[in-house]
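J.: My questions concern the predicted model and sequence given below.
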Amino acid sequence: DQQVKQNSPSLSVQEGRISILNCDYTNSMFDYFLWYKKYPAEGPTFLISISSIKDKNEDGRFTVFLNKSAKHLSLHIVPSQPGDSAVYFCASLILTGGGNKLTFGTGTQLKVEL
Amino acid sequence: DTEVTQTPKHLVMGMTNKKSLKCEQHMGHRAMYWYKQKAKKPPELMFVYSYEKLSINESVPSRFSPECPNSSLLNLHLHALQPEDSALYLCASSRITGGSYAGANVLTFGAGSRLTVL
């Protein structure tokens, strides 16, 4: 079974600087890794994904890096904005043919300060 | 329409009550999901429906009974719940299999139903 860990439960960054959120996983059997953002009392919102065959994907201010040998991925947000303050989850995605199995990491609370 | 709509937003029920949570999407997705999220924990998968058939049950107690009456609707029937079942229940939908572009297979989540069992 896949285990996904985010070892930093919280991160505080100044506005305009880079936020780096990290994620480690145990099982190399996945098709994608996804990052979701979650505000209180709302559902998770998809941010960016990376395929298992890639090592980098970029979308605007968000870049995700995948290091398969280290079983590690990271999300970079540049520049960080106060509206980025939320809980960020990385999640492994396996395409089963009968629905997609998404396993969430433990989450990191990001706070972007003025 | 790119939304997943969940009702009710809040539900309070006693341990002997029977209630249902409802979820609706009109994105043409043929996979629908129930997740449970406790405070300060990640969402945990409960059930997956694929083409209106139950494809994954993550060993969920029988007091939770899912139903997928058609491709747009997903219900979660609740009966004889315990106080520890109090949580945010999230519904999601996705394509069954997608293309090769990034984000093709993502799950789109609803805002959740906050359940309190007294």
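T.: Thanks, I have it.
J.: lowest-pLDDT helix or strand in chain B?
T.: When each helix and strand of chain B is scored by mean pLDDT, DSSP states H and E, strand B:53-57 comes last, with a mean of 92.
J.: Show me the strands paired with that strand, marking each as parallel or antiparallel.
T.: Here strand B:53-57 is paired, per DSSP bridges, with strand B:44-50 (antiparallel).
J.: mind listing the strands for the chain?
T.: Unless you meant another one, I'm taking chain A. Here chain A has its strands, by DSSP state E, at A:4-5, A:10-14, A:19-25, A:32-38, A:45-51, A:56-59, A:62-67, A:72-77, A:86-95, A:100-104, A:108-113.
J.: please go with chain B instead
T.: In chain B, the segments counted as strands under DSSP E are B:4-7, B:10-13, B:18-25, B:31-37, B:44-50, B:53-57, B:64-70, B:73-79, B:87-94, B:108-109, B:113-117.
J.: With mean neighbour count added, can I get these in a markdown table?
T.: (Each C-beta comes from the backbone N, C-alpha and C, glycine too.) Output for these, formatted as a markdown table (neighbours: other CB atoms under 10 Å in any protein chain shown):
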| stretch | mean neighbour count |
| --- | --- |
| strand B:4-7 | 18 |
| strand B:10-13 | 14 |
| strand B:18-25 | 19 |
| strand B:31-37 | 24 |
| strand B:44-50 | 21 |
| strand B:53-57 | 14 |
| strand B:64-70 | 15 |
| strand B:73-79 | 18 |
| strand B:87-94 | 25 |
| strand B:108-109 | 22 |
| strand B:113-117 | 18 |
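J.: As a markdown table, those strands with distance to residue A:81 would be great.
T.: Shown next, in a markdown table, are the strands of chain B (distance: least, CB to CB, whole Å):
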| stretch | distance to residue A:81 |
| --- | --- |
| strand B:4-7 | 26 |
| strand B:10-13 | 30 |
| strand B:18-25 | 30 |
| strand B:31-37 | 25 |
| strand B:44-50 | 30 |
| strand B:53-57 | 37 |
| strand B:64-70 | 39 |
| strand B:73-79 | 34 |
| strand B:87-94 | 26 |
| strand B:108-109 | 22 |
| strand B:113-117 | 28 |
